[in-house]
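Novice: Quick one: sequence plus predicted model below, questions after.
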Amino acid sequence: MQRLRPFLAAACVATIVLVSPGCGKKSPGAGGPPGGGAGSGGIQKQPVEVTAASRRDLIDTLTIVGSLAANESAEIRPEISGLVREILFTEGQPVTKGAVLVRIDDAELRAQLAQVQARFELARLNVARSENLSETNTIPQSETDRARSEFASAKAELALLQTRLEKTQVKAPFDGIVGARVISPGDYVTASTVITTLDDLTRLKVDFQVPERFLSKVTVGTSFSLRSRALSNVEAVKGEVYFVSSVIDRNTRSSEVKGFLAEPPAALKPGMFANIELVLDVRRAALTVPEGAIRTVPGGSEVIAVREAGADKVADFVPVQLGMRAKGLVEVTPLKGELTEGTPVVAAGVGALIIFPNAKLEPRPIREEFRVGD
């Protein structure tokens, strides 16, 4: 009897599937018509996250690094050699153009100047006497010419000594702030000795390198904003390009660009490292959608617009041409169909959703974490 149990069980299973309702019951709805039971009611609507296409100004920017520099900066050196007699500035002091910073001993030059002045006076009297005698033909013309030559030589020598005497006073070449001094009274200085530095901080310059592929969009007058990581509490400072190099460095494939900062705060110092956001292009009132709304297909790019079809909302595939991209937004131009400001478009997951033209949609506002451009 035990040997017959597997056979009977197998017979019972076969009977359930094929014929007999006595060994089991058929599940409800199995084998029913399509659309019946729990799946009845037609095609379900596809939930999608949407946002409205909008017109806004797009700004194409390039972020690069640069260095700050003073408007003018000079190392102050004497033009002649000598002993430092007097230092007339204080380190860190603002000075005006022409202010005397250092006086060099000029005793020897003054003695030479007195000697040359005496020679000059004698030469002046001789040339006057010679010209009077030349009018009466009392002396030969060669004597008059020699007197005139000696007078011109004495005059030139006098001017030379006066210029050298003037150079014993080292003056500020422009308004600025003097730096630390490296000399003291009594030091002997030459033309190669650095006395101090002078910086004009009324405005700051910034120097940076622009890659060659962006250089065509950078011209004199291009605006930029600057931030310094060393001063996180300082707001971005506006500036303007005033110089673009005419050559490209072969090693870096970039070109030197310089700009002025309009109103630099006192916290910014020459030599600081800075982050620069350079404005390459501005597109006014461009029709934009989030980058997540762009669907790439073999024929190009398209967006899925949400249209009203009676009481339903359906998918409308609109081919578009892409333009400028900025901060998660992309400029679009419809190639066929209608896409205007305010048109709702599917803004997230377009590459993963199974949507076909005229498919019924259930629009939902895009989640906060996916919002861009606000």
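Specialist: Structure received.
Novice: CA only for contacts and neighbour counts going forward, please
Specialist: Noted.
Novice: In this structure, what helix or strand scores lowest on average pLDDT?
Specialist: Across the helices and strands of the chain, mean confidence by mean pLDDT, DSSP states H and E is lowest for helix 5-18: a mean of 35.
Novice: for the stretch 101-250 of the chain, what spans make up the strands?
Specialist: For the stretch 101-250 of the chain, the strands defined by DSSP state E, counting those that start in this stretch cover 169-171, 176-178, 188-189, 196-211, 223-227, 237-244.
Novice: Retrieve the pLDDT associated with the closest residue to Asp199 other than its chain neighbours.
Specialist: Nearest residue to Asp199, sequence neighbours excluded (C-alpha to C-alpha, 6 or more residues apart in numbering): Ser73, at 4.4 Å. Per-residue pLDDT puts Ser73 at 94.
Novice: and if you look at the one 10 residues further on?
Specialist: Reported pLDDT at Leu83 in the predicted model: 95.
Novice: Now do the helix or strand hosting it: which elements does it pack against?
Specialist: Assigned by DSSP states H and E, Leu83 belongs to strand 82-87. Other helices and strands packing on strand 82-87, by 3 or more C-alpha pairs under 8 Å, 6 or more residues apart in numbering; DSSP states H and E, are strand 100-104, strand 188-189.
Novice: Columns mean pLDDT on top of the ones you listed, output as a markdown table?
Specialist: Listed next are the helices and strands packed on strand 82-87 as a markdown table, based on pLDDT from 0 to 100:
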| stretch | mean pLDDT |
| --- | --- |
| strand 100-104 | 95 |
| strand 188-189 | 94 |
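Novice: Now do the residue nearest to Asp199 against Lys97, distance only.
Specialist: 13 Å (C-alpha to C-alpha, to the nearest Å).
Novice: right, and the strands of the stretch 101-250 of the chain - which one's nearest Gly342?
Specialist: Across these, Gly342 has its closest neighbour in strand 223-227 (31.4 Å, C-alpha to C-alpha).
Novice: where along the stretch 201-350 of the chain do the helices fall?
Specialist: Counting by DSSP state H, counting those that start in this stretch, the stretch 201-350 of the chain has no helices to list.
Novice: circling back to that earlier point, got the CA coordinates for the strand holding Leu83 in CSV?
Specialist: Taking only C-alpha atoms (Å, rounded to 0.1, in the frame of the first residue of the first chain), the coordinates of strand 82-87 have been written out as CSV:
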residue,chain,number,x,y,z
GLY,A,82,77.1,107.8,-1.8
LEU,A,83,76.6,107.8,2.0
VAL,A,84,73.0,108.0,3.3
ARG,A,85,72.8,111.2,5.2
GLU,A,86,69.1,111.2,6.2
ILE,A,87,66.0,108.9,5.9
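Novice: Tell me which other helices or strands the next helix or strand along the chain from it touches.
Specialist: Counting by DSSP H and E, the element after strand 82-87 in chain order, helix or strand, is strand 94-95. Counting contacts by 3+ C-alpha pairs under 8 Å, 6+ apart, strand 94-95 packs against strand 176-178.
Novice: make it 10 Å
Specialist: Counting contacts by 3 or more C-alpha pairs under 10 Å, 6 or more residues apart in numbering; DSSP states H and E, strand 94-95 packs against strand 176-178, strand 196-211.
Novice: quick revisit: buried ones in the strand holding Leu83?
Specialist: Gly82, Leu83, Val84, Arg85, Ile87 (16 or more other C-alpha atoms under 10 Å).
Novice: what's the spacing between it and its chain's center?
Specialist: Chain-centre distance of strand 82-87: 46 Å, with C-alpha atoms, centre = their mean, to the nearest Å.
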